[in-house]
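A.B. asks: Provided below are the primary sequence and the corresponding predicted coordinates.
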Protein chains: 2
Amino acid sequence: MSHFDDETAVVPLGENRYSAVLSDRWNIGDNPNGGYLVSIALQAMRDLGPHRDPLTVTTHYLRPGTPGTPTEIRTELIRSGRTLTTGRATMIQDGKERIEVIAAFGTLDGGASDDRSLTIPPPAMPPPEECPIRSGLEQGVELSILDRLEIRIHPEQAAAGLASRAEVSGWIRFADGRMPDALSLPLFADAYPPSLFGLFGYVGWVPTVELTVHVRRRPAPGWLIGRFATSDLSEGRMVEDGQLWDETGALVAQSRQLALLLS
Amino acid sequence: MSHFDDETAVVPLGENRYSAVLSDRWNIGDNPNGGYLVSIALQAMRDLGPHRDPLTVTTHYLRPGTPGTPTEIRTELIRSGRTLTTGRATMIQDGKERIEVIAAFGTLDGGASDDRSLTIPPPAMPPPEECPIRSGLEQGVELSILDRLEIRIHPEQAAAGLASRAEVSGWIRFADGRMPDALSLPLFADAYPPSLFGLFGYVGWVPTVELTVHVRRRPAPGWLIGRFATSDLSEGRMVEDGQLWDETGALVAQSRQLALLLS
């Protein structure tokens, strides 16, 4: 069993309630990465219906999670349809909501094929071995998540504060060799350095208010390429867009988040 | 009182329950436009806390609404914070959920100013009087919403099926002279023809699964410019991105939706 499967596992308590244990191996500093929390919620939400692939996942980050603290996930079915199962989940620690998730699940690669298609090509990227590994210590903050994820940043974007635009791109995969799947794409979409680093240099913690991930395709085995960019920052609130591609160049997910630039 | 304020009004029933009457003047064919339904839910959700501006609004469209049918909205506070109020709402008719909304409210134009900003400029657009009015009959479907909204499409995009990419842009405003505000931006973000029309010609009803709107700024009085484009369509599911600017050229909202292209 992989670290990801082991450390996102949930134990059913009955009546749409689950318990989970938050590992401290997915941390940014003292708190678990937001995408890691979403992955746990999605594991529980998969029980809501027959559809296993998250197609659209929106998460509101209410309070940081705490590793090692008893964690409860409550799920609720909103609608069970023929092609979609829609539900929500709440993650609670110490009686306080940490995240709230609403998601629709369906079946990827299961629809009728259609001649009409459009896609976004991946950016040019040197091979992984020519891209520097994202450092486990950033702005003086320890990133234990890099025990679990190998992230290699485009060499021209590795220096903070030197870019002409707020963009970061690079390779990503599980460090233990687990292959990517639809369920893990929301995690990968929330694991890169903030795209503002390139333009403004290190800016501290950039808390996410809300993150929506659209899973577009089941990824092929291997590395993923991610690109994240911000072109809309006003009064300390920014919208960051992202895409993920698999090793064959297929677009597998899009993401958008509203985040805060603390002054 | 404007048609928009009148026809999105909710009557409190106590205990976070509200009633509303769906007008048939915001229809696309037989069903109310999705952004109109969201506007009614937002009116009820504003009671959840002191923050009046929707900053991020995610809606899952579960079933079409029906004009004239008794309508109930149930709201729930998820978190009340110093700068954000987060809540959800469910719209129910005949015992069945029509839409589910999760939103965070805050205060626009109220934050500390920050030198660091980025924005997306509006597209070049001929003046409104040189842009053809969106027809009230499209693909044989009557659009009564055009009694309420004046939409003028970029003249080079007015012919379906002739564009080189899936994009639509144009001017929009309330037909009765009501000025735009933060609350009405989710409606304006869901009122343009599907961007696929330009590329593929009329494609029938393109049902939205999920729509997220980020309100970025309170709009100045006057017209808005909207631009909506799709560059990701696969297996009958598409992601459409949009932006809205006010008459001064300020970016006031961004939107993204997952929608279905029915074969």
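C.D. replies: Cool, the structure landed. All values derive from a computational prediction rather than experimental measurement.

A.B. asks: A:Q139: what's it in contact with?
C.D. replies: Applying Cβ atoms under 8 Å, 6 or more residues apart in numbering or on different chains to A:Q139 gives the contacts A:202, A:204. For the C-beta atoms, the positions are set from N, CA and C on the backbone; glycine is no exception.

A.B. asks: against A:C131, how distant is it?
C.D. replies: 20 Å (Cβ to Cβ, to the nearest Å).

A.B. asks: before we move on, what about A:L258?
C.D. replies: In terms of Cβ to Cβ, A:L258 sits 28 Å off from A:C131.

A.B. asks: so these two - more neighbours on which side?
C.D. replies: Taking other Cβ atoms under 10 Å in any protein chain shown, A:L258 and A:C131 do not tie; A:L258 has more neighbours (24 against 20).

A.B. asks: what's opposite the more buried one in the beta bridge?
C.D. replies: A:E210, A:V239 (DSSP bridges).

A.B. asks: pLDDT below threshold where in the stretch 101-250 of chain A?
C.D. replies: A:110-114, A:137, A:158, A:160 (pLDDT under 70).

A.B. asks: could I get the full set of helices for it?
C.D. replies: A:185-188, A:196-200 (DSSP state H, counting those that start in this stretch).

A.B. asks: figure out which of those helices is closest to chain B.
C.D. replies: With Cβ to the nearest Cβ, the closest approach to chain B among the helices of the stretch 101-250 of chain A belongs to helix A:196-200: 5.9 Å.

A.B. asks: thinking again about what came up before, what's the most buried one of the helices of the stretch 101-250 of chain A?
C.D. replies: helix A:185-188 (a mean of 28; mean count of other Cβ atoms under 10 Å in any protein chain shown).

A.B. asks: does any bit of it sit next to chain B?
C.D. replies: No: Helix A:185-188 is not in contact with chain B by Cβ under 8 Å from any Cβ of the partner chain; minimum separation 13.8 Å.

A.B. asks: would you mind pulling up the elements that that helix packs against?
C.D. replies: Under the contact criterion of 3 or more Cβ pairs under 8 Å, 6 or more residues apart in numbering or on different chains; DSSP states H and E, helix A:185-188 touches helix A:34-45, strand A:53-61, strand A:208-215, strand A:251-260.

A.B. asks: quick one: name the residues of the stretch 151-263 of chain A near chain B.
C.D. replies: Counting by Cβ under 8 Å from any Cβ, the stretch 151-263 of chain A sits next to chain B at A:166, A:200, A:209-210, A:212, A:214, A:216-217, A:230-239, A:251, A:254, A:256, A:258, A:261, A:263.

A.B. asks: from A:A259, how far out is the nearest residue to A:E240 once chain neighbours are set aside?
C.D. replies: Distance criterion Cβ to Cβ, 6 or more residues apart in numbering or on different chains; nearest residue to A:E240, sequence neighbours excluded, is A:T230 at 4.6 Å. A:T230 sits 9 Å away from A:A259, going by Cβ to Cβ.

A.B. asks: anything in contact with each of those two?
C.D. replies: A:238, A:240.

A.B. asks: mind putting the helices of the stretch 101-250 of chain A in a markdown table, distance to B:P70 included?
C.D. replies: Formatted as a markdown table, the helices of the stretch 101-250 of chain A follow (distance: least, Cβ to Cβ, whole Å):
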| stretch | distance to B:P70 |
| --- | --- |
| helix A:185-188 | 38 |
| helix A:196-200 | 48 |
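
A.B. asks: tell me which of these sits nearest to A:T90.
C.D. replies: Among the helices of the stretch 101-250 of chain A, helix A:185-188 comes nearest to A:T90, with 16.5 Å by Cβ to Cβ.

A.B. asks: burial count for the residue lying closest to A:G198 once chain neighbours are set aside?
C.D. replies: Spatial nearest neighbour of A:G198, excluding adjacent residues (Cβ to Cβ, 6+ apart): A:A163 at 3.4 Å. Number of residues near A:A163 (other Cβ under 10 Å) recorded here: 20.

A.B. asks: same thing with the one 4 residues further on?
C.D. replies: As a burial measure, A:E167 scores 21 neighbours (other Cβ under 10 Å).

A.B. asks: show the pLDDT at the closest residue to A:L185 other than its chain neighbours.
C.D. replies: Excluding the flanking residues, the one nearest A:L185 by Cβ to Cβ, 6+ apart is A:A253, at 4.3 Å. pLDDT recorded at A:A253 is 98.

A.B. asks: same deal with the one 3 residues further on?
C.D. replies: Per-residue confidence (pLDDT) for A:R256: 98.

A.B. asks: can you pull the contacts of it?
C.D. replies: So A:R256 contacts A:211-212, A:239-242, B:212, B:214, B:254, B:256 (Cβ under 8 Å, 6+ apart).

A.B. asks: let's see 7 Å
C.D. replies: A:212, A:239, A:241, B:256 (Cβ atoms under 7 Å, 6 or more residues apart in numbering or on different chains).

A.B. asks: which residue packs closest to the residue minimising distance to the centre of chain A, ignoring adjacent ones?
C.D. replies: Ranked by distance to the mean C-alpha position of chain A (Cα atoms, centre = their mean), the top residue is A:L187 at 2.6 Å. The shortest distance from A:L187 to any non-neighbouring residue, by Cβ to Cβ, 6+ apart, is to A:G35 (3.9 Å).

A.B. asks: measure that neighbour to A:G242 for me?
C.D. replies: From A:G35 to A:G242 the distance is 11 Å (Cβ to Cβ).

A.B. asks: which neighbours do the two share?
C.D. replies: A:A189.

A.B. asks: sorry, back to before: was I right about the residue nearest to A:L185 contacting A:L244?
C.D. replies: Yes: under the criterion of Cβ atoms under 7 Å, A:A253 makes contact with A:L244 at 4.3 Å.

A.B. asks: which residues do those two both contact?
C.D. replies: A:185, A:189.

A.B. asks: ok, now which residue in chain A is the farthest from the centroid?
C.D. replies: Farthest-from-centroid check, chain A (Cα atoms, centre = their mean): A:D115, 30.2 Å.
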